[in-house]
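In: Make a model of this:
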Amino acid sequence: MLIKPETEARRLDAIASLDILDTPREPAFDRLTVLCRRIFSAPMSTITLIDGHRQWFKAEVGMADRDTDRRPALCNYAIAQDTPLVIPDTHDDPRFTDNVFVYGRPFIRFYAGAQLRISGVNIGTLCVMDTKPRQFDAEALAILTDLAAIAVDELLLRNLSMQDNLTGALSRRAFRAEAERLSALANRHGHSLTLAVLDVDHFKQVNDTYGHAVGDAVLASVIATCRDSLRGSDIIGRIGGEEFAILLPHTDLASGMAAIEKARLAIAAHKVETPCGPVPVTCSLGAASLLPGQHFDDALRNADLAMYSAKKAGRNRSIAWVDPAPSISPARRRVFKAGQITFNSGRSTFDCTVRALSEGEATVEVISTADLPGQFKLAIASDGFSRACRMVSKSDNRIDVAFV
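Out: Coordinates of the predicted model:
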């Protein structure tokens, strides 16, 4: 790790306070990367945020993916220093010998990155990159630094937004605040509360086939139809690109399933009118009830797992989560910490981000679960924590472990 554990902990706290990772594209940030490409005549530009195990692009032009491994990322080197990082030719820099992003796609030969600094720590960069060496004079660096300051302003302003501009759903941050409030009330007074997760089926295919404008129209229509099917007291929030969460207050799981099934059927029966003609759309949904004393993050995670089960079962269906052993499931607290997974007698290591933690369990995110064994060691340097683990479950880039 290029950054001291105590600094890394403060850095991740700053990112967590923004609640921005894995949020949809937003025009304000897209414009900045497009502007960088035009000003500097560079084929690649990104607004990069770096968590415990990856670099994630809030906005990008010229890149194939939305996130990549943190360790070889040039932006990872940039956030470790206080002044902008400029590399005229990566082939002349010994730090990047055999670097996968230099000698493999996207074949970075030139890099310039200005830090995004919030609460006294670097959370990421605004950068420009080229596939050929080039110079970057003082005026160009000053412009890049000013644009990075604008990106920081946009991040802070975004934090004040309560509504998703496209669909009218609550922003992820606003939804979280309302979910925490309603969960506390439900736990205090013994009320039922059900949470659901809705994901639009084959949404990438819609974007690839019809374009992002039609994709936006589909999302807006889906949420409008969903809202018409629910009660006025039910709350919808956008928590990802095509993923939404629904709060159903004073509703047990059986009633919640009836409500989301009604919404699913209404969405499936409605074709979205677009300039390309009517577009059919379906959704997969999962639901979970808030257990006594449970934090809403755990119930939302269970609803998310149920939604993934609906996807695996064929999509366009609703599935409920049933906790197999609620009485012995330890309470986990939501955290955001840099971790490291070690196995093969210490010869193999993976960076990870720890997202939930209890005395006996943890939830961690990694770039890929493909090469992870069933047992390994999890360490959190900032906490002086190290425990042997066994994998309990995995879904996409997230795994649940139990300490042994």
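
In: Find the least confident helix or strand in the chain, judged by mean pLDDT.
Out: Among the secondary structure pieces of the chain, namely its helices and strands, strand 271-274 has the lowest mean (mean pLDDT, DSSP states H and E), a mean of 88.

In: what's next to it, contact-wise?
Out: If you take C-beta atoms under 8 Å, 6 or more residues apart in numbering as the criterion, strand 271-274 is touched by 210, 214, 217-218, 221-222, 278-281. (Glycine included, C-beta is placed from N, CA and C.)

In: switch to 6 Å and redo it
Out: Judged by C-beta atoms under 6 Å, 6 or more residues apart in numbering, the contacts made with strand 271-274 from elsewhere in the structure are 214, 217-218, 221, 278-281.

In: Dump those residues into TSV; add secondary structure as well.
Out: Conversion of those to TSV gives the following (DSSP: H, G, I helix; E, B strand; the rest coil):
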residue	secondary structure
Val214	helix
Ala217	helix
Val218	helix
Ser221	helix
Pro278	strand
Val279	strand
Pro280	strand
Val281	coil
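
In: And these, which is closest to Val121?
Out: For the contacts of strand 271-274, the residue nearest Val121 by C-beta to C-beta is Val218; the value is 38.2 Å.

In: how close does the closest one get to Ala224?
Out: 11 Å (C-beta to C-beta, to the nearest Å).

In: and if you look at Ala263?
Out: From Ala263 across to Ala224, the span is 11 Å (C-beta to C-beta).

In: Of those two, which one has the most company?
Out: When Ala263 is set against Ala224 and neighbours are counted by other C-beta atoms under 10 Å, the residue ahead is Ala263, at 25 against 15.

In: if I pick Val200, what's in contact with it?
Out: With contact set as C-beta under 6 Å, 6+ apart, Val200 has these partners: 222, 242, 283.

In: wait, which of those is closest to Asp51?
Out: Distance from Asp51 was checked for each of the contacts of Val200 by C-beta to C-beta. The minimum falls on Glu242, at 21.4 Å.

In: so that closest one makes contact with Gln205?
Out: No. At 11.1 Å, Glu242 and Gln205 do not qualify as touching, with contact defined as C-beta atoms under 6 Å.

In: Looking at the two, which one has more neighbours?
Out: The neighbour count for Glu242 versus Gln205, taken as other C-beta under 10 Å, is higher for Glu242 (20 against 10).

In: How much space separates that one from Asn316?
Out: With C-beta to C-beta as the criterion, Glu242 and Asn316 are 14 Å apart.

In: Measure how buried Cys276 is and give me the count.
Out: 13.

In: again, but for the one 4 residues further on
Out: Applying other C-beta under 10 Å, we find 13 other residues in the vicinity of Pro280.

In: Equivalent analysis for Lys377, please.
Out: When neighbours are defined as other C-beta under 10 Å, Lys377 has 14 of them.

In: Equivalent analysis for Asp22, please.
Out: Counted by other C-beta under 10 Å, the residues lying close to Asp22 total 17.

In: ok, now Arg109?
Out: 18.

In: Now do the buried residues in the helix or strand in which Glu6 is found.
Out: Remark: Glu6 resides in helix 5-18, with elements defined by DSSP states H and E. By neighbour count on 16 or more other C-beta atoms under 10 Å, the buried set for helix 5-18 is 7-9, 11-12, 14-16, 18.

In: Tabulate the contacts of Val200 (TSV), appending secondary structure and pLDDT.
Out: Output for the contacts of Val200, formatted as TSV (DSSP: H, G, I helix; E, B strand; the rest coil; pLDDT from 0 to 100):
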residue	secondary structure	pLDDT
Val222	helix	96
Glu242	coil	92
Cys283	strand	97
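
In: Please produce TSV containing these, extended by distance to Phe136.
Out: Shown next, in TSV, are the contacts of Val200 (distance: C-beta to C-beta, whole Å):
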residue	distance to Phe136
Val222	44
Glu242	38
Cys283	47
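
In: Just name the closest of those to Gln55, please.
Out: Distances from Gln55 to the contacts of Val200, taken as C-beta to C-beta, are shortest for Glu242 (22.4 Å).

In: Show me the helices in the chain, by range?
Out: For the chain, helices defined by DSSP state H occupy the ranges 5-18, 27-40, 74-78, 100-103, 138-158, 172-189, 203-210, 212-229, 253-269, 296-312.

In: now those helices in TSV, with distance to Ala320?
Out: As requested, the helices of the chain are arranged in TSV below (distance: least, C-beta to C-beta, whole Å):
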stretch	distance to Ala320
helix 5-18	30
helix 27-40	37
helix 74-78	41
helix 100-103	42
helix 138-158	34
helix 172-189	18
helix 203-210	23
helix 212-229	18
helix 253-269	5
helix 296-312	6
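
In: just so I know, which of these lies nearest Gly124?
Out: In terms of C-beta to C-beta, the element of these nearest to Gly124 is helix 74-78, at 6.6 Å.

In: can you tell me the average pLDDT over stretch 155-166?
Out: Stretch 155-166 comes out with an average pLDDT of 87.

In: and Asp371, how many residues sit next to it?
Out: 10.

In: typed the wrong thing, it's Gly120
Out: With neighbours defined by other C-beta under 10 Å, the count for Gly120 comes to 9.

In: Quick check: the gap between it and Arg10.
Out: Relative to Arg10, Gly120 is positioned 8 Å away (C-beta to C-beta).

In: again with Arg334
Out: Summarising the geometry, the distance separating Arg334 from Arg10, computed by C-beta to C-beta, is 17 Å.

In: His202 too?
Out: His202 sits 41 Å away from Arg10, going by C-beta to C-beta.

In: cool, Leu198 as well?
Out: As for Leu198, its distance to Arg10 is 35 Å (criterion: C-beta to C-beta).

In: wait, Thr90 sits on Tyr103?
Out: No. In this structure, Thr90 sits apart from Tyr103 without contact. The criterion is C-beta under 6 Å, and the distance is 9.0 Å.

In: and these two? which has more neighbours close in?
Out: Neighbour count, other C-beta under 10 Å: between Thr90 and Tyr103, Thr90 has more, with 21 against 13.
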